[in-house]
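**Q** structure for this input, please:
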Amino acid sequence: MIKKLCVFCGSSSGNNSKYLELTRELGKVLVEKKIDLVYGAGSSGIMGHLADSVLEDGGLVTGVIPRDLFSEEIEHKKLTHLIKVDDMHERKKKMYELSDAFAALPGGFGTLDEFFEILTWRQLKLHPKPIYLFNFENFFGHLIEHIHYADQEGLISNEDLAHFEVINSFEDLKNTLFNF
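**A** A predicted model of the protein is given here:
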């Protein structure tokens with residue numbers, strides 16, 4: 001059962017307002033299912049919007065931020081828990097330790113880094129925790145195509161493809177969180 005979901009997502013809002021709508025709906029589902037949010041502690045962009053949504057609906061949010069990124073402008077000021085760590089590596093380790101499952105929403109290099117690191121840890125059998133790639137508005141479509149291309153080229157095994165689940169709709173997301 002998922003009690004704490006770590007979400008990797010952008011510190012920018014992007015150009016598609018539907019990403020922010022998605023975070024609002026995701027926040028509601030997390031609170032409804034009594035699933036706590038673990039994330040990167042930012043107050044801006046998709047990540048800040050998601051934290052706001054969970055907090056506004058009465059949920060619990062833990063943010064993990066490296067000390068060198070910590071500042072009054074970046075840090076979310078209303079979190080249930082704020083954990084400061086030394087660097088990005090420690091941040092990912094701490095988010096892993098706190099979470100039962102992981103999900104990637106739209107985001108940039110940081111989001112991709114976090115997603116692929118936790119996926120690599122699973123590939124190396126360092127953990128069995130579920131990993132979800134929320135492909136809303138086909139945001140990750142090209143990435144998914146590339147992953148399948150690497151599989152066709154013999155660089156990723158079918159077994160490794162099973163280490164994460166692509167979720168393409170909000171209904172699928174709700175069903176996944178409700179049925180886990």
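**Q** quick one: the helices in this structure, in order.
**A** In the chain, helices defined by DSSP state H lie at 18-32, 45-56, 88-98, 109-123, 141-152, 158-161, 170-179, listed in chain order.
**Q** for Arg67, find the nearest of the ones you listed.
**A** helix 88-98 (9.5 Å; Cβ to Cβ). In short, each C-beta sits where N, CA and C put it, glycine included.
**Q** and of the helices of the chain, who's closest to Thr62?
**A** Comparing the helices of the chain by Cβ to Cβ, helix 88-98 comes nearest, at 6.1 Å.
**Q** just the buried residues of the closest one, please?
**A** Buried residues in helix 88-98, counted by 16 or more other Cβ atoms under 10 Å: 88, 91-92, 94-96.
**Q** what does it contact?
**A** Applying Cβ atoms under 8 Å, 6 or more residues apart in numbering, the set of residues contacting helix 88-98 from outside is 4, 6, 38-40, 62, 64-66, 83, 85, 102, 114, 117-118, 121, 127, 129.
**Q** likewise stretch 119-131?
**A** Contacts for stretch 119-131 (Cβ under 8 Å, 6+ apart): 2, 96, 99-104, 115, 118, 160, 163-165, 180.
**Q** low-confidence ranges in this structure?
**A** Residue ranges of the chain with pLDDT under 70: 70-73, 178-180.
**Q** is Pro66 bridged to anything, and to what?
**A** Taking DSSP bridges as the rule, Pro66 bridges to Val85.
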